[in-house]
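J.: Can you look at this prediction? I've put the sequence above it.
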Amino acid sequence: MFGDNLLKLRKQKKLTQNEIAEILGVARTTYSSYEQNRRMPDAEIQIKIADYFDVSLDFLHGREEFDNSDLFAAHIEGDLTEDERMEIEKYLRFIRSKKEE
């Protein structure tokens, strides 16, 4: 689950494994093992990943479906207050719940 979410986030940002490994300060082979679910990063690296992609640790571990990167992909992050961002997140969860019905 963790690796699948990590791969999805990396591809959304159009990054190579080399690029994200460098950002995180790990070897590409180490990073690759995270995406393949063969190795779990330590807590410090998990936090770096969550911070970089602006998602929660719960999202990375598959405990929460909402991915904040959807908001930032629209390039609106600098224009929103925290309250506005939370309202949009709430609305996105509502829309997604309707799709599942």
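T.: Done, it's in.

J.: which outside residues touch stretch 13-32?
T.: Stretch 13-32 has contacts (C-beta atoms under 8 Å, 6 or more residues apart in numbering) with 10, 35, 39, 41, 45, 48-49, 52-53, 69. Placement of C-beta: from N, CA and C, glycine included.

J.: ok, 10 Å please
T.: For stretch 13-32, contacts defined as C-beta atoms under 10 Å, 6 or more residues apart in numbering pick out 3, 6-7, 9-10, 33-35, 38-39, 41, 44-45, 48-49, 52-53, 69, 72-73.

J.: Show only the entries of these found in strands.
T.: Among the contacts of stretch 13-32, no member is found in strands (DSSP state E).

J.: mind listing which of those residues are in helices?
T.: Here DSSP state H is the test, and the contacts of stretch 13-32 give 3, 6-7, 9-10, 33-35, 44-45, 48-49, 52-53, 69, 72-73 as lying in helices.

J.: what's the next secondary structure element after the worst-scoring helix or strand of the chain on mean pLDDT?
T.: The least trusted helix or strand in the chain, going by mean pLDDT, DSSP states H and E, turns out to be helix 69-73, with a mean of 48. Sequence order places helix 82-100 as the next helix or strand after helix 69-73, per DSSP states H and E.

J.: Return the set of buried residues in that following helix.
T.: Buried residues in helix 82-100, defined by neighbour count with 16 or more other C-beta atoms under 10 Å: 85, 88.

J.: what packs against it?
T.: Applying 3 or more C-beta pairs under 10 Å, 6 or more residues apart in numbering; DSSP states H and E, we find helix 82-100 packed against helix 69-73.

J.: Among the contacts of stretch 13-32, name the buried ones.
T.: For these, buried by 16+ other C-beta under 10 Å: 3, 6, 9-10, 33-35, 41, 45, 48-49, 53, 69, 72.

J.: could those residues go into JSON lines alongside distance to residue 21?
T.: Below are those laid out as JSON lines (distance: C-beta to C-beta, whole Å):
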{"residue": "3", "distance to residue 21": "14"}
{"residue": "6", "distance to residue 21": "11"}
{"residue": "9", "distance to residue 21": "14"}
{"residue": "10", "distance to residue 21": "10"}
{"residue": "33", "distance to residue 21": "11"}
{"residue": "34", "distance to residue 21": "9"}
{"residue": "35", "distance to residue 21": "10"}
{"residue": "41", "distance to residue 21": "11"}
{"residue": "45", "distance to residue 21": "10"}
{"residue": "48", "distance to residue 21": "11"}
{"residue": "49", "distance to residue 21": "11"}
{"residue": "53", "distance to residue 21": "14"}
{"residue": "69", "distance to residue 21": "19"}
{"residue": "72", "distance to residue 21": "22"}
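
J.: Thanks again, I'm all set now.
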